[in-house]
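J.: kindly return the folded structure for what I paste below:
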Amino acid sequence: MSNTRTHSERAGKRSDRSLTPFIRSEDADGVTGCEARGVNVIPMRPAERTSAEQRPLRVLLTTDWWEPVVNGVVASVATLRRELIALGCDVRVLTLSQGIRTRSEPGVYRIGSVSAAMLYDRARIGMPASRRVLREILDWRPDVIHSQCEFSTHVWARRIARTLAVPLVHTYHTIYEDYTHYYSPSRTVGRKVVATFSRRVLEGTDAVVVPTTKVANLLTGYGVRRPLHVIPTGLDLQRFRPSRSPAERADVAALRASLDITPDQKVLISVSRLAKEKNLDEVLDQVAAADREDTVLVLVGDGPYREELEARTRALGIADRVRFAGVVDPAEVQRWYRIGDVFVSASRSETQGLTFIEALASGLPLLCRRDPSLDGVVVDGRTGWQIETPDEFTDQLGALLDDSARRAEMSQAAVDHAAATCGSPQFGKAVLDVYQQARLRRTPRIISRLAVPA
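T.: As a prediction, this is how the structure comes out:
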């Protein structure tokens, strides 16, 4: 499941003033010597190395987004954590608290943070980490740091990785140039800012994981020269699947009834954050153009663009055929896929789009805007179609909804394709292989005396 693209050229080393509370040690290339600041880094002796190799691999995952927030990053990190634990790793998470107080729970450290909702809905900025949390992490001494976000927790990931002289792996989840409308009136200027920012963040890593070739090509175009590993995020196929039991089928009927959907109506379902970059305006336009009285569009999720979307349904005259389900419990989202007959989307801001894979595994054919990130997910005529015009949407929707035998055939093909390409165990094994490669490229070193900033 892993397709690796490696760039041998390494980025130049740069000083990092944010590391001064710890040390300025060697960069990822293993240059000897360091500027000691209460911490001594020495080569690991053979006996110590053997002891470390006998214990479970210790992995620290850092992420700005974590439960109870619901998004693709949280789903990906939670899946990775579960699979690494299943593979015998000792895994902990460093993330942001939903308030200014730092707190911990088993296996999870939450650093105090403040709201950054003015920049992006539900975003937060981390405050200086507590000495207790940093001391505990350094005492635990992880073997690999795996950063999942480019902002607050990435700063701490770099500091901890350099202090302990262990590999820093990073997963690039977000195509930021599709979010330029939040911070720049010019897409061209915004893209240049994103390219520079991405190079700066990634040049300090030992390896970069991306979910699709689309993202790998994008980073190469930005001038990123770190080892790139294409590893699609895996999925729990025991959870995301079509309804099987009488109780599950009754639950589907009850959910449909709660949305005032009759048994003879067909459901087009979309699961996403209601934000401008998800391009749901286009979905509404397509549904209006198709003009099928026997269909209902269900939008599962919420976000800052909801009011605009509700206004658009009224302007298009389809308000009676669109349901806004709002935010649903992440543990219950699989129930909502099961009420659908077809999954629809016009988003072009996806790095991979976990919801597309969740829909496939749930037995839904996909009818989506053409995008390179979907090339390995949508097999035209088998698991769905990638479309570009309202006419294509209308034609392919009719082909699905007017032929029940074909829809059943494509539903089974979707399930089979998800099982063959999207299992979470393969995801965990592929990422673990990246860790092992990154560790082999480094000279083993240990911390002889740990210190945290006063």
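J.: leaving out sequence neighbours, find the closest residue to Leu401.
T.: Lys266 (5.2 Å; C-beta to C-beta, 6 or more residues apart in numbering). Quick note: C-beta positions are derived from backbone N, CA and C, even for glycine.
J.: can you read off the pLDDT for that neighbour?
T.: pLDDT for Lys266: 97.
J.: just give the number of residues close to it.
T.: Counted with other C-beta atoms under 10 Å, the neighbours of Lys266 add up to 17.
J.: which strand residues bridge it?
T.: Counting by DSSP bridges, Lys266 is bridged to Thr295.
J.: so how far is Arg103 from it?
T.: For Lys266, the distance to Arg103 equals 47 Å [C-beta to C-beta, to the nearest Å].
J.: and for Arg191?
T.: Distance from Arg191 to Arg103, by C-beta to C-beta: 38 Å.
J.: also Asp206?
T.: Asp206 sits 30 Å away from Arg103, going by C-beta to C-beta.
J.: who has more neighbours, those two?
T.: More crowded of Asp206 and Arg103, by other C-beta under 10 Å: Asp206, with 25 against 14.
J.: let me see the contact set for that one.
T.: Residues near Asp206 by C-beta atoms under 8 Å, 6 or more residues apart in numbering: Ala28, Pro167, Leu168, Val169, Arg226, Pro227, Ala438, Arg441, Arg442.
J.: swap in Val283?
T.: Ser270, Leu297, Val344, Ser345, Ala346.
J.: looking at those residues, which is nearest Gly363?
T.: Nearest to Gly363 among these, counting by C-beta to C-beta, is Val344 at 15.0 Å.
J.: surely the closest one is in a strand?
T.: Yes. Assessed with DSSP: H, G, I helix; E, B strand; the rest coil, Val344 lies in a strand.
J.: roughly how far does it sit from Val287?
T.: Counting by C-beta to C-beta, the gap from Val344 to Val287 is 8 Å.
J.: find the residues that touch each one of the two.
T.: When contacts are counted by C-beta under 8 Å, 6+ apart, Val344 and Val287 have Leu268, Leu297 as shared neighbours.
J.: looking at the two, which is more packed in?
T.: Using other C-beta under 10 Å as the criterion, Val344 and Val287 rank with Val344 on top: 28 against 24.
J.: so what's Asp395 up against?
T.: Contacts for Asp395 (C-beta under 8 Å, 6+ apart) come out as none.
J.: pLDDT value on Phe151, please?
T.: pLDDT, read off for Phe151, is 85.
J.: helix, strand or coil for the nearest residue to it once chain neighbours are set aside?
T.: Distances taken as C-beta to C-beta, 6+ apart place Asp64 nearest to Phe151, at 5.6 Å, with adjacent residues excluded. Assigned by three-state DSSP, the conformation of Asp64 is coil.
J.: Asp64 contacts Thr95, doesn't it?
T.: Yes. Taking contacts as C-beta atoms under 8 Å, Asp64 lies within contact range of Thr95: 6.9 Å.
J.: so what sits against both of those two?
T.: Counting by C-beta under 8 Å, 6+ apart, the common neighbours of Asp64 and Thr95 are Thr153.
J.: who's more crowded, these two?
T.: A direct count of neighbours by other C-beta under 10 Å for Asp64 and Thr95 places Thr95 higher, at 26 against 23.
J.: follow-up on the earlier one: kindly provide the distance from the residue nearest to Leu401 to Val298.
T.: 11 Å.
J.: now Val155
T.: Val155 sits 40 Å away from Val298, going by C-beta to C-beta.
J.: same question for Ala247.
T.: For Ala247, the distance to Val298 equals 21 Å [C-beta to C-beta].
J.: looking at the two, which has the bigger crowd around it?
T.: Taking other C-beta under 10 Å, Ala247 and Val298 do not tie; Val298 has more neighbours (21 against 8).
J.: name the helix or strand for that one, please.
T.: Assigned by DSSP states H and E, Val298 belongs to strand 295-300.
J.: with Glu293 instead?
T.: Short version, using DSSP H and E: Glu293 is in no helix or strand.
J.: give me every residue that touches it.
T.: For Glu293, the contacting residues are Arg321, by C-beta under 8 Å, 6+ apart.
J.: where does it land on pLDDT?
T.: We have a pLDDT of 93 for Glu293.
J.: equivalent analysis for Thr6, please.
T.: 46.
J.: all the helices of the stretch 151-300 of the chain, residue numbers only.
T.: 152-164, 187-202, 213-222, 246-258, 280-290 (DSSP state H, counting those that start in this stretch).
J.: domain ranges for this protein, per the record?
T.: Domain ranges of the chain: 3-234+425-449, 246-422, per automatic domain parsing.
J.: looking at those domains, which is nearest to Phe240?
T.: Once these are compared by C-beta to C-beta, domain 246-422 is nearest, at 4.0 Å.
J.: distance of His173 relative to Asp264?
T.: As judged by C-beta to C-beta, His173 and Asp264 stand 40 Å apart.
J.: who has more neighbours, these two?
T.: His173 (22 against 6).
J.: correct me, but that one touches Ala75?
T.: No. In this structure, His173 is not within contact of Ala75 by C-beta under 8 Å, at 10.4 Å.
J.: quick revisit: quick check: the residue nearest to Leu401 vs Val296, distance?
T.: 7 Å.
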